[in-house]
Structure formats: structure tokens, C-alpha cells
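K.L.:
Could you look at this predicted model? Sequence included:
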There are 2 protein chains.
Amino acid sequence: MPSVTEFEHMLRGASLRVTRPRLALLAAVHEHPHADTDSIIGVVRTDYGEVSHQAIYDALRALTNAGLVRRIQPSGSAARYESRVADNHHHVVCRSCGVIADVDCVDGLAPCLTASDDHGFAIDEAEVIFWGLCADCSTAHSS
Amino acid sequence: MPSVTEFEHMLRGASLRVTRPRLALLAAVHEHPHADTDSIIGVVRTDYGEVSHQAIYDALRALTNAGLVRRIQPSGSAARYESRVADNHHHVVCRSCGVIADVDCVDGLAPCLTASDDHGFAIDEAEVIFWGLCADCSTAHSS
DNA sequence: GGGCTTTCTTGAATCAATCAAGTGTGGCGA
DNA sequence: TCGCCACACTTGATTGATTCAAGAAAGCCC
């Protein structure tokens, strides 16, 4: 995981002020990929002390807009955040327990990015979510 | 659009009781692809008469589970429903106005369905969402 | 038509997320 | 180093989609 100093540089590079809640937030997201907002609040409070939920929501939005974290939101789930950005990976979600895992791109670079008919849209991103059952749930269901 | 009789057969085929709210719901989803729950409630009430929102939620869930309609939920949007199922098409969503359009699969059949490393997951579906700006918003932004 | 089960109605509750107003603070220039 | 001020945080209330619960109504099989 990047050091506090690196987090500082990331914030400054995005023209964002360096505050302790934001540093704690960055650390929490790096440490707990795919955590939902509530879990992140819990982690930040443990690592750093009392913070309002509003500060977390604000900071998550600021960092998402700055491209420092990525927001993902599979159907039926609250928003989740991760620190891997701009590396074009996708996700596989368990229909049963909701666990999320990373999936690297098959082609390594911008796969499936070409829509057959773009309807005049200027497309800038392709988001892929694989749905299925994780190993644990798969075993539990068949037994 | 399929006839009422065909909707009836679809419901019976899925072992679901045939009720007027469900028939109206199927018609509404076929007529208004990508509509959110609230719009669907409005359409059903216009076409059929007073129905509780709960009945719509129940019916949408029942029909989704039965595979008669498909639920899609892009980040930052309420749940939307469409009648095209099992034809492996995807969606392009406008970041600005939220409009959704269908995109047929480039490869015609199960593209992008192979994850490079499935982490032990039993994958049964790949959902692809293209993000960008629709023609209208693209023009408005650049002007 | 009778009876059982599913579905619908009514009304309340939950949960994530946002809004609003006021206080505090990081980072800049002097 | 000092002071300013825009940006960030706190507190508290609100919204809006969705779900829960209990009872009434209606579909389907016999």
C-alpha cells in the first residue's frame, strides 16, 4: 500500500486539500477494496477517530471525481469503492453472497470497447460485470 | 408488441398467475423499454387503472425472477426494466442525461464472456455498460 | 362452486444518500 | 510568521427508492 506521503502527493496532484479524513479514507479504500460506504466509515473511524458520515460521502465523491478512487455499484448493492483505477480491469460478483473479485482484462487493453452501433454516443468507458456464484456459494448450493 | 394472449402464455409458462396488473405491466415494459419503476407505475395506471406501487414492485420482481423482463441498474440511477431478454445485448448510458440505448453484441453471441481468471466463480452472465455522452448532450456540451 | 394459495391493498418502516446552514481549517499571499 | 478566505467538516434534517407486514381479494385446480 502507498505511504501517507504518497497519498498526500495524490491529493495535491488532484488540487485537493490534504486533510486527515481524506488520508484515512485513501488508506481505507486501498486496504479494503470493494468495501461499501458504511464499511469504509467504520474503517476510517477505527483508524483515525470520529468522522461524520457526511465527510466520508463528500470525500468519496471528491476522490471519485478526481479519479483517485473508482466507484462501482452492482445492481442491488450499495455503492462500493476501490483504489485500482485506469487499469481497465473488471469485476465478478456473486449473486448469492455479493462478494466481488477483480478480473483482469482478457485482451489486456480496452476489450469489448467497440459497440457495434453507438447510436451517436461518444463512448469513453466500457464497464463489464460478470455475474455468477463464488466458489463457496457454489459448493453450498450444490450440497 | 406481443398480444395479450401471448403475455398470458408467457405468464403461464413461468407458472405465474395471470392477473390484470401483470398483463398491464408486461405491456408497459414492452412499450417503454428502459423505463424506471416510477414511470412504469404511471404507464400501468394510465392503461389499466389504479394499482398499488407495491403490486408493481412485486410483479416486477416475479417477472424478473421468471426471466420475462430484465432489470438493469446503472450507477446513480433507479432500477429500470426492459423486455428484451436472453438475446445478449448491452447498453450505452449517457453520463449527462441518463438516457439508455440498446447495443447489440459485436460478436453476435456471448462476447467478452470469458474472464481471464474467474477466481473459482461459476459465471453465468456478462453485463456490459458503455458510458459516454448521447448525441444531444455531446452537442450541448461542446457548444 | 369450494377451498387453498398466490397476489393485491393499505400503511408504515428502512436504508442509502443528499441537502442545508453554520463552524473550522489548510494553504496561499503579504 | 500572520491573516485571509475558499474549501472542508459537523450537525441535523430530509428525500426517495425500496422493502416489510397484515389483512382482503382473486386466480386456479378439483
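P.N.:
The structure has been received and is ready for your questions. Keep in mind that this is a model prediction, so the values were computed, not measured.

K.L.:
helix, strand or coil for the nearest residue to residue A:26 once chain neighbours are set aside?
P.N.:
Distances taken as Cβ to Cβ, 6 or more residues apart in numbering or on different chains put residue A:7 closest to residue A:26, at 4.5 Å, once the chain neighbours are dropped. (Glycine included, C-beta is placed from N, CA and C.) Three-state call for residue A:7 (DSSP: H, G, I helix; E, B strand; the rest coil): helix.

K.L.:
tell me, how many neighbours does residue A:7 end up with?
P.N.:
Counted with other Cβ atoms under 10 Å in any protein chain shown, the neighbours of residue A:7 add up to 20.

K.L.:
measure it to residue B:72 for me?
P.N.:
35 Å (Cβ to Cβ, to the nearest Å).

K.L.:
same check, this time on residue A:76
P.N.:
Applying Cβ to Cβ, the value for residue A:76 to residue B:72 is 11 Å.

K.L.:
Tell me which of these two has more neighbours.
P.N.:
Using other Cβ under 10 Å, the more surrounded residue of residue A:76 and residue B:72 is residue B:72, with 18 against 11.

K.L.:
which residues does that one form a beta bridge with?
P.N.:
In this entry, residue B:72 is beta-bridged to residue B:80, by DSSP bridges.

K.L.:
Would you confirm that it contacts residue B:81?
P.N.:
Yes - using Cβ atoms under 8 Å, residue B:72 is in contact with residue B:81, at 7.4 Å.

K.L.:
Which neighbours do the two have in common?
P.N.:
Shared contacts of residue B:72 and residue B:81, defined by Cβ atoms under 8 Å, 6 or more residues apart in numbering or on different chains, comprise residue B:34.

K.L.:
Report the rounded mean pLDDT for the longest helix belonging to chain A.
P.N.:
Assignment by DSSP state H gives helix A:53-66 as the longest helix of chain A. Average pLDDT, helix A:53-66: 97.
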